[in-house]
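A.B. asks: 3D model of this:
(4 chains)
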Amino acid sequence: MNKYDPEQEPYVALRTKALESLLVEKGLLSSEAIDELISEFEQDIGPLNGARVVARAWTDPGFKQRLLQDGGTAIAELGLPGDTPLVVIENTPADHNMVVCTLCSCYPWAVLGLPPTWYKDFAYRSRAVIEPRAVLREFGLELDDEVTVHVWDSSSEQRYMVLPERPAGTDGMTEEELARLVTRDAMIGVATVNSPAAEGVAAG
Amino acid sequence: MNKYDPEQEPYVALRTKALESLLVEKGLLSSEAIDELISEFEQDIGPLNGARVVARAWTDPGFKQRLLQDGGTAIAELGLPGDTPLVVIENTPADHNMVVCTLCSCYPWAVLGLPPTWYKDFAYRSRAVIEPRAVLREFGLELDDEVTVHVWDSSSEQRYMVLPERPAGTDGMTEEELARLVTRDAMIGVATVNSPAAEGVAAG
Amino acid sequence: MNGVHDMGGTHGFGPVQREENEPTFHADWEARVLAMNRLSRAHGYFNIDEFRFGIESMQPAHYLRSTYYERWLATVEYNLIEKGLLTSDELDARTELLRSQPETGLPQHISAEPAPQIARDTPETPAAPLQPRFAVGDPVLARNVHPTGHTRMPRYIRGKRGVIHLLHGPAIFPDTNALGLGENPQNLYNVRFDGRELWGDSAEPGQVLYIDLWESYLEPVQS
Amino acid sequence: MNGVHDMGGTHGFGPVQREENEPTFHADWEARVLAMNRLSRAHGYFNIDEFRFGIESMQPAHYLRSTYYERWLATVEYNLIEKGLLTSDELDARTELLRSQPETGLPQHISAEPAPQIARDTPETPAAPLQPRFAVGDPVLARNVHPTGHTRMPRYIRGKRGVIHLLHGPAIFPDTNALGLGENPQNLYNVRFDGRELWGDSAEPGQVLYIDLWESYLEPVQS
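C.D. replies: Now for the predicted structure:
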C-alpha cells in the first residue's frame, strides 16, 4: 500500500521542484549542495562499507573486539564516520540478531547506505517485533527452535548493525574476498552469509 | 478523513447496484425486501423510541427499576423489540455515563435508530476511551472534576443506552412532553437533557 | 487482529466533527448496502462476526480512507465471495455493464424469500447457561494475547487488571464464529477498569471504563 | 503520540515485499527531498525530532497511503512552514507556476552557504555526563504513559517489564526537542524485554527484544 506509484510522481516531483526553487531563491539552500549530497549518497555510501567492517572483524580478532565494544570508534579505523553511535551485535550459532525501526526507519546509513524500501515499509516495521521468525522465513531464513532471536528496535540515534557469522569454507580467503560475500541483508540480520561455491567448501 | 465524499459516490453507487443486481438475479435477496427494510429504518426506528423509554422511566419508578435491571425486557413493555440485550445506565449528579464502540460502531439501534456519522467516525472511536472529558467538552458538556466519567465500550452484542438525568423545571410535564426534551446525544451520553425554557423552570 | 480498526486510545484523528440535521442516509446506495447486509445476515449468508472480520481485513490504508458504508460494501462483497455466493469476476462484469449501459434496470424479482426479523442486532442463537468461572466483584486480568484473527478484546485493555462488573451469560464466541470455527458460546462479562490502570499518568481524573469480555479473554488475579 | 506510525505489533500489512536490484532512488525527486531534508537539518532549520514529529502529525490515512519520500516531503514542508522560512501560499503558488510553465528553471544560486558535515545521523550536540539512575542488569518498568506529542517509546513496550542491557549515556530528549521545548539530555538505555512479556502466549518461542529508552520513560521495579 505504500509502494511506489508512478502516477503520483508528477505532482510530488513538481512540489519538490517548487520547494527547491523557493529554498534556493531565499538563499536557504543551494542546488549545488543538493547535487553534491545526492552524489555522495549514490556513490560513496553503501553496504560495501559495512561489508569491509565485517570482513575486517572476521580476520582481525583485535578489531572485532573493539568493534563489539564501541562500533563508532572502531569503524573510524577504516575511514568511516566515527562520530556515528554504532552498536554492532554478533550472530552466533545460538543467537540470531536482526534490526528494525518500528516508529520510522532508523538505519545505520554510515555502514549500510540508504535502507531498502522493504525496511521502511509497514509490513516489516509492524511484524519484525511480533513475529520475527515468520518474517525471517519469508526471507528464506529458517531458524532452529533452539536459536534465540534478538530483535533490535532502533528508537534513538544509536544505530545497530549485525555482525553475521563467518561461513564455512572461507579459511583461505582474503579480507577483500570475504567482504564480497557479505550482503546488506546479512548485516540487517534477515539473512546469513552464504558459503562460497561448493568446491570452495570442499577445498576449505 | 473518513467523511462523506460525493466524488466517490458514482463508483460505489454503481458497485452497490451491481451487487443488488446479482443478488436478485441469483434469488438470494429481493429488491422489495431491501425497500421494506430501508423504509423501516427511515420511518419506524429512531431516537424517539429511546426518548419514550426515558420519559417512561422518569415518570414510572417501577418501570425505571425494571429498565435498569433488564433493559431488553423492559422496553418490550413499550412495544420495542424485547429480544435486544440492552443495558441501561443511569446518570446521576455524581456519575456521568457515555457509550462508544472503539472496534466498529455498535449502537443501540432498537432504541436510537441509526448512529450519527460522528459516532462511527475515527475521532470519537479513538478518543472517547482515553480522553472522554475532552470529547465531552467539544460537545459543550463541561463536567465538574468530582463527577466520575463512566465510558462503556460496546464490544459484544450487548447494547448500552444512557438514562439521562431528568432536568429541573419538568415537574408538571406529561410523559409525552418529557419525551420531546430527550435528545439522541443525551442517550449516548455526550449531552445532558436541558431544562425547558427559563419561564418553565421558574414555574416548575 | 491488531488492526487499524482497533482505535481505542489512538491519537491523530482530530476533533469530533458533527453534522447539523444529519440525514439518515447521505445517498441511496448507503441505504441499500445497509439493507443488503441486514438481509444477508438474516438469511444466514454470513454472520455478524464474519461481517466485522471482513472490515478488519481491509488494507489499513483502504480502511482509513473509506467511509462507513464503503467499509460495509467491502465486507458484504468479501463475505458473499468467500461463501461462494458470487464471484469477484461476476461483480466486476456487472459493474462494467451498469457503467457502460446506465439504463440497465435491476432484474425481476425471481424467488420468493422468507421474511425473517431483521431490524435487530441479536446473537444468531440463544445459548444454554454455562457455569461462570468468575463472579461479580472478582478481580481479573485481561490476557495479553495478540491473535491474528478476529477478536473483540481491544489492545488498550490487554494486560490490564479490572473487576467483573456484570455477568451477561453465555454468548457466541466471536473469535471462532468469525472464522467459520463454530459458535462455541462462553460466558460474557462486563469488566470495569480504572482509567489510571489503562492510561497511567495520562488518564483524565475520575474515569472508569467498562467493556464486555468473553471468559477466555480473562485470567483470575489475586485481589 | 499514539499514532499509526507506531506500528510495532500491528497486523494487516501483508508480507514483506522486496524488490530485486532496487535502485538507490526510484525517481529524481526522491533524491532531492532526501538532500533538502539533510541540508535543512545541517543548517539547523529544524531538528531530527521535529522532522519525525512532522511525519507523525500527518493525517493517519495520508500517512498510510504515502510513500516513504512523500512523508519526508510532507514533513520538510511542514517544518519549514512552522519555522516561518516559507509559507504554504508561496509553495502553492510556486507549484502552480511550475505546472503552468514547465520550462521554468530553478533560480540562480544566490547565497554562498556553509558546508556542514551532512551525511550522518548524529545528535545535534554532545551532552555532558549525567549520573545514571539505573545500572546494567536493573529490572525496570516502561511507564504506561500516552503523551499526545512526540515520543520514542512505542505502545507495545509500555507497561512492560524489562532489564537494563546497555547504558548509552546522555542523549537529547526527543519528547521536548520535537516540540521546541529544549534538548533536555537524559541518560539513554538499551532495555531488554522477553518476547513473552510483550506478546504473552502469542509470542514466538525464544524471542528477546531490545529497544533504546530514555531515563524518564522508565521506573524501577522489584526484581
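
A.B. asks: is any part of stretch C:168-186 close to chain D?
C.D. replies: No: counting by CB under 8 Å from any CB of the partner chain, chain D is not contacted by stretch C:168-186; separation bottoms out at 12.7 Å. Every residue, glycine included, has its C-beta placed from N, CA and C.

A.B. asks: And that stretch, how far out from the chain middle?
C.D. replies: 13 Å (CA atoms, centre = their mean, to the nearest Å).

A.B. asks: What residues sit buried inside that stretch?
C.D. replies: C:168-178, C:183, C:185-186 (16 or more other CB atoms under 10 Å in any protein chain shown).

A.B. asks: And those residues, which is closest to A:Val182?
C.D. replies: C:Asp175 (44.7 Å; CB to CB).

A.B. asks: next structured bit after whichever strand or helix holds that closest one?
C.D. replies: Counting by DSSP states H and E, the element that carries C:Asp175 is helix C:174-177. Following helix C:174-177 in sequence order, the next helix or strand is strand C:186-194 (DSSP H and E).

A.B. asks: check whether that next one contacts chain B.
C.D. replies: Yes: using CB under 8 Å from any CB, we find that strand C:186-194 touches chain B at C:188, C:190.

A.B. asks: returning to that earlier point: right, and the pair among the buried residues of stretch C:168-186 with maximum separation?
C.D. replies: C:Gly169 and C:Ala178 (20.6 Å).

A.B. asks: now the helices for chain C?
C.D. replies: Under the criterion DSSP state H, chain C contains helices at C:28-42, C:48-56, C:60-65, C:68-82, C:88-100, C:174-177, C:195-199.

A.B. asks: okay if I get those as JSON lines plus mean pLDDT?
C.D. replies: Shown next, in JSON lines, are these (pLDDT from 0 to 100):
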{"stretch": "helix C:28-42", "mean pLDDT": "96"}
{"stretch": "helix C:48-56", "mean pLDDT": "98"}
{"stretch": "helix C:60-65", "mean pLDDT": "96"}
{"stretch": "helix C:68-82", "mean pLDDT": "97"}
{"stretch": "helix C:88-100", "mean pLDDT": "94"}
{"stretch": "helix C:174-177", "mean pLDDT": "98"}
{"stretch": "helix C:195-199", "mean pLDDT": "98"}
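
A.B. asks: And those helices: which comes nearest chain A?
C.D. replies: helix C:60-65 (4.4 Å; CB to the nearest CB).

A.B. asks: that older thread, distance to D:Val136 for the buried residues of stretch C:168-186 - can I get that in CSV?
C.D. replies: Converted to CSV, the buried residues of stretch C:168-186 look like this (distance: CB to CB, whole Å):
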residue, distance to D:Val136
C:His168, 49
C:Gly169, 52
C:Pro170, 51
C:Ala171, 49
C:Ile172, 50
C:Phe173, 45
C:Pro174, 44
C:Asp175, 41
C:Thr176, 45
C:Asn177, 48
C:Ala178, 45
C:Glu183, 52
C:Pro185, 50
C:Gln186, 45
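
A.B. asks: and A:Leu143, helix, strand or coil?
C.D. replies: coil (DSSP: H, G, I helix; E, B strand; the rest coil).

A.B. asks: same deal with A:Tyr11?
C.D. replies: helix.

A.B. asks: So for it, what's the pLDDT?
C.D. replies: Per-residue pLDDT puts A:Tyr11 at 91.

A.B. asks: can you check C:Gln108 too?
C.D. replies: 66.

A.B. asks: what's the answer for the one 5 residues further on, then?
C.D. replies: According to the prediction, C:Glu113 has pLDDT 54.

A.B. asks: And the one 4 residues further on, by the same measure?
C.D. replies: pLDDT recorded at C:Gln117 is 46.

A.B. asks: The one 3 residues further on too?
C.D. replies: pLDDT, C:Arg120: 42.

A.B. asks: what ranges do the strands span in chain A?
C.D. replies: A:86-90, A:95-100, A:148-153, A:159-163 (DSSP state E).

A.B. asks: centroid residue for chain C?
C.D. replies: By CA atoms, centre = their mean, chain C has its centre lying nearest to C:Arg52, at 3.8 Å.

A.B. asks: what about the residue nearest to it when sequence neighbours are not counted, how many residues close to it?
C.D. replies: Closest residue in space to C:Arg52, ignoring its immediate chain neighbours: B:Cys104 at 5.7 Å, by CB to CB, 6 or more residues apart in numbering or on different chains. Residues near B:Cys104, counting by other CB atoms under 10 Å in any protein chain shown, number 21.

A.B. asks: Who are the contact partners of B:Cys104?
C.D. replies: C:5, C:52, C:55 (CB atoms under 8 Å, 6 or more residues apart in numbering or on different chains).

A.B. asks: Can you add distance to A:Phe139 and give those back as JSON lines?
C.D. replies: Converted to JSON lines, the contacts of B:Cys104 look like this (distance: CB to CB, whole Å):
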{"residue": "C:His5", "distance to A:Phe139": "29"}
{"residue": "C:Arg52", "distance to A:Phe139": "33"}
{"residue": "C:Ile55", "distance to A:Phe139": "31"}
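
A.B. asks: Tell me the one of the residues you listed nearest chain D?
C.D. replies: Nearest member of the contacts of B:Cys104 to chain D, counting by CB to the nearest CB, is C:His5, at 8.7 Å.

A.B. asks: count of residues packed around the nearest residue to that closest one once chain neighbours are set aside?
C.D. replies: Nearest residue to C:His5, sequence neighbours excluded (CB to CB, 6+ apart): C:Glu56, at 4.9 Å. For C:Glu56, the count of nearby residues is 23 (other CB under 10 Å).

A.B. asks: Show me what from chain C comes close to chain D.
C.D. replies: Going by CB under 8 Å from any CB, the residues of chain C near chain D are C:1-4, C:9-14, C:56-57, C:59-61, C:64-65, C:143-148, C:155, C:158-160, C:199-202.

A.B. asks: Kindly supply the PyMOL command isolating those of these that are buried.
C.D. replies: Of those, the buried ones go into a single PyMOL selection, burial set by 16+ other CB under 10 Å:
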select buried, chain C and resi 1+2+3+4+9+10+11+12+13+56+57+59+60+61+64+65+143+144+145+146+155+158+159+160+199+202
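
A.B. asks: How about the contacts made by the residue nearest to the centre of chain C?
C.D. replies: B:103-104, C:75, C:150, C:174, C:178.

A.B. asks: Closest one to chain D out of these, please.
C.D. replies: C:His150 (11.0 Å).

A.B. asks: tell me the pLDDT at the nearest residue to that closest one once chain neighbours are set aside?
C.D. replies: Among residues not flanking C:His150 along the chain, C:Ala178 sits closest, at 3.4 Å (CB to CB, 6+ apart). Per-residue pLDDT puts C:Ala178 at 97.

A.B. asks: how near is C:Ala178 to chain A?
C.D. replies: C:Ala178 is 20 Å from chain A, where distance means CB to the nearest CB, to the nearest Å.

A.B. asks: go on, C:Ile211?
C.D. replies: In terms of CB to the nearest CB, C:Ile211 sits 23 Å off from chain A.

A.B. asks: ok, now which ones touch that residue?
C.D. replies: B:152-153, B:155, C:154, C:157, C:190-191, C:193 are the contacts of C:Ile211 under CB under 8 Å, 6+ apart.

A.B. asks: got a list of what C:Arg143 touches?
C.D. replies: Counting by CB under 8 Å, 6+ apart, C:Arg143 has contacts C:153, C:158-159, C:217-219, D:200-201.

A.B. asks: quick one: which of those residues is nearest to chain A?
C.D. replies: D:Gly200 (11.0 Å).

A.B. asks: check contacts around the closest one.
C.D. replies: C:143-146, C:158-159 are the contacts of D:Gly200 under CB under 8 Å, 6+ apart.

A.B. asks: one more time with 6 Å
C.D. replies: C:144-145 (CB atoms under 6 Å, 6 or more residues apart in numbering or on different chains).

A.B. asks: again with the one 4 residues further on
C.D. replies: With CB under 6 Å, 6+ apart as the criterion, the residues that contact D:Glu204 are A:131, A:133.

A.B. asks: For chain C, see how far away it is.
C.D. replies: 11 Å.
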